[in-house]
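> Based on what follows, work out the 3D shape:
(2 chains)
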Number of protein chains: 2
Amino acid sequence: MGLVVQKYGGSSVADAASIKRVAQRIVETKKAGNQVVVVVSAMGDTTDELIDLANQVSPLPAPRELDMLLTAGERISMALVAMAVGQLGFEARSFTGSQAGVITDSVHGKARIIDVTPGRIKSAIDEGAIAIVAGFQGVSQNSKDITTLGRGGSDTTAVALAAALEADVCEIYTDVDGVFSADPRIVPSARKLAAISYEEMLEMAASGAKVLHLRCVEYARRFDLPIHVRSSFSNNQGTWVIKERPVGDDMEQAIIAGVAHDRSEAKITVVGVPDRPGVAAAIFQTIADAQINIDMIVQNVSAAATGLTDISFTLPKAEGKDATNALQRVQKEIGFQSLLFDDTIGKVSLVGAGMRSHPGVSATFFAALAEANVNIEMITTSEIRLSVVVREKDLDNAVRSIHTAFGLDDSNNEAVVYGGTGR
Amino acid sequence: MGLVVQKYGGSSVADAASIKRVAQRIVETKKAGNQVVVVVSAMGDTTDELIDLANQVSPLPAPRELDMLLTAGERISMALVAMAVGQLGFEARSFTGSQAGVITDSVHGKARIIDVTPGRIKSAIDEGAIAIVAGFQGVSQNSKDITTLGRGGSDTTAVALAAALEADVCEIYTDVDGVFSADPRIVPSARKLAAISYEEMLEMAASGAKVLHLRCVEYARRFDLPIHVRSSFSNNQGTWVIKERPVGDDMEQAIIAGVAHDRSEAKITVVGVPDRPGVAAAIFQTIADAQINIDMIVQNVSAAATGLTDISFTLPKAEGKDATNALQRVQKEIGFQSLLFDDTIGKVSLVGAGMRSHPGVSATFFAALAEANVNIEMITTSEIRLSVVVREKDLDNAVRSIHTAFGLDDSNNEAVVYGGTGR
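Residues are numbered from 1 along each chain as shown, chains lettered A, B, ... in the order given. I've put the predicted structure just below:
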């Protein structure tokens, strides 16, 4: 007998038939002897439809009211899921974020969870009922206004509730079978990972893997709460996101978790920057003041003849316009020559907790790219990640080459063992 | 400077264009120097669509969950109205029934308001904002569950909030210009009433007039709160529902408010009932036990030869099947001969507070029906109402004849003065 928190996304509750299937799964978990708390997103495209309605009424709707509007979406799905569970003969009670005790700050549209006080949820499951909770929403601590949590909000609700209830596991149901060693649409031989560590999952998510949002993984890591990512369309085991990947039979921990890629970024190059202290700071302060997050940064070696250098950085494509505008306004002050904007790049990342203790990983990585004739434009590394920027057209090829080079293809279940020096 | 509560029904907020028009009207009321509280229903057919979704998931959805589901409807409309008001440069804050302090009992689907504690609404309007409140919904006192108020719920929310806030007026916006002396679809010459008393409005509503629900008028009468029923599509004055219709210039209060009709009832006749004490009680206890409300009752004079009589009563058509089934089960016990069910009847009612002091009303009434060749099947009276059941095919004709006979047609603004004996 355990306490299981399950989260179903919008595609899992898109229509009446899907909701009935989800209800069946919920009831099976209950029948297996568990206490069950379910977190749901809004049905299918409901949120987009509501945003469209809002835009018809006001081009810039008040954030408080937009949150009030959008939270109607989960209210509908949670009530329907509760009815469907009731129809199967089990008691279900739905709760809004506010009723579930999801207390947030007052930043409408992207509120952060401050506290979770799930007294009513606890009572409901202790009385034998199944609790169905609205994801993505909470209530602000000070003004008692309804808030939404922004991107990844429902996953975060599920993990936060699971942590507060000291659940045994948080199951995140999605439309794929789990976390894969690479995107199966690009690498058909990608394999489903049985387990991945929080750190690796964070790096994968930060590097473009879409299956879990950074925020919910951070939350799970903080509370050491196991996440089980699995498909709502099958009964297969999915991927466990846990503290450490278990050691295999051969006492050899797999070195690499997987290969992530990201097409959502663009590159800005600031050309002809005076190579003196404080100039880089001025550039990145300008970007920060414009509320833009940047990812990778590269500074060329200064050309001795001119005393000028180039600085390149990557950022979300959608923020490229704002960033170039902000930089152009300070061009004279900083004294750079010109700006280049390039939105035809791609990023490929190799992630694995084993990298930190295994030399030779970077050599294999770069050899694979060289053999595939892929040119590297930028490089960054962390303890458990190695990322490069390449031309967008080369991205798929790069992902496949690296995936194969590290023995991740499904036909080859042996981990590659590295020797030699250097990363 | 006053405090105005406005209520907009589903047809007034059916789409983005309607919502913008409503916002304009709200802002005008605010600009005129009033504090404004707005109660909204769900947009157009939203409630029906949600019920349809519920039925796809469960043929008999849990009432608690159905309330949770349906309250999403007003959540959407109130947020959109608040956005539209904001777009016009005025601050608007939306509140759910729960946030507005609408406390109810726990009867899901038709909860009764127990208390209204509009602290947040009061704060919002005192701070200069316009408060937009979800109609039709509240929160149960004991379990803190979301409830809905059932039919006429949004009107009742508006009147209850207006009473609790000690508003100067509760404006009920609808798709007609006000309360008419008869249904204009039947009587094209029907005139809009400038005012009608609570008592008259209650009798009109109970007799089939649809513009206001019985329940909200009862609430307004209890707190002596003026209701102004008016169209959201024009700026015309509508009808004031108040304690007493004002006395005209000629010191002669108009006798009659209007003519109401009702096609929703059926008639059951219990034939050959033994004419002895307790038999009528047994019949109506059977009906009451089946949770069926009846309206008119007529018992024939007993035939001396047989000691048998007939008892007829009217009830909502939809409950006819349940009533006949219930009676058939006790046929032997009660000893009646047979049941007749007739759903081709209509009821026409004349309503006016002046009736109680003016004799001759009933004589004029029956003369009008006789002249129109309409046969009368049942009669009931109250202090301010006279109702008859006729054949459904005769109903329109009966309404028009009576309307004309009492000088209610728009071309004739003189009240008819009665003399003679009788009512």
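
> Tell me, what's the model's pLDDT at residue A:419?
Here, the pLDDT recorded for residue A:419 equals 34.

> Please put the alpha-carbon coordinates of the helix or strand harbouring residue A:6 into PDB.
If you go by DSSP states H and E, residue A:6 is part of strand A:3-8. Output of strand A:3-8 as PDB, limited to C-alpha atoms (Å, rounded to 0.1, in the frame of the first residue of the first chain):
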ATOM      1  CA  LEU A   3       0.600   6.800  -2.000                       C
ATOM      2  CA  VAL A   4       0.700   7.500  -5.700                       C
ATOM      3  CA  VAL A   5       0.400  10.900  -7.300                       C
ATOM      4  CA  GLN A   6      -0.500  10.700 -11.000                       C
ATOM      5  CA  LYS A   7      -0.400  13.500 -13.500                       C
ATOM      6  CA  TYR A   8      -2.200  13.400 -16.800                       C
END
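
> That one pairs with which strands, parallel or anti?
Its sheet considered, strand A:3-8 pairs with strand A:35-40 (parallel), strand A:169-174 (parallel) by DSSP bridges.

> winner for burial among the ones you listed?
strand A:35-40 (a mean of 29; mean count of other C-beta atoms under 10 Å in any protein chain shown). Heads up, the C-betas are built off the backbone N, CA and C, glycines and all.

> Now do the strand holding residue A:6: everything it contacts.
A:22, A:25-26, A:29, A:34-41, A:81, A:125, A:135, A:154-155, A:157-159, A:161-162, A:165-173, A:232 (C-beta atoms under 8 Å, 6 or more residues apart in numbering or on different chains).

> Likewise for stretch A:298-310?
Contact with stretch A:298-310 is made by A:269-276, A:280, A:311-313, A:337, A:378-379, as judged by C-beta under 8 Å, 6+ apart.

> Mind listing what's buried along the lowest-mean-pLDDT helix or strand in chain A?
Sorting the helices and strands of chain A by mean pLDDT, DSSP states H and E puts strand A:297-299 at the bottom, at a mean of 85. Applying a neighbour-count criterion of 16 or more other C-beta atoms under 10 Å in any protein chain shown, one finds residue A:298 buried in strand A:297-299.

> One more: stretch A:86-95?
A:86-88, A:90, A:92-95.

> do stretch A:337-356 as well
Those would be A:342, A:345-355, for stretch A:337-356 by 16+ other C-beta under 10 Å.

> Strands - which of these land there?
A:342, A:345-351 (DSSP state E).

> Could you pull out the strands in the stretch 1-150 of chain A for me?
Ranges of strands in the stretch 1-150 of chain A, per DSSP state E, counting those that start in this stretch, are A:3-8, A:35-40, A:92-95, A:102-104, A:113-116, A:130-134, A:137-140, A:146-148.

> do the same with the stretch 201-350 of chain A
Applying DSSP E, counting those that start in this stretch to the stretch 201-350 of chain A gives strands spanning A:227-231, A:239-242, A:258-262, A:265-274, A:297-299, A:308-316, A:338-342, A:345-351.

> any idea of the angle the longest helix along chain A forms with strand A:35-40?
Longest helix in chain A by number of residues (criterion: DSSP state H): helix A:63-87. Angle between the axes of helix A:63-87 and strand A:35-40 is 130 degrees (criterion: axes from the mean of the first three to the mean of the last three C-alpha atoms, to 10 degrees).
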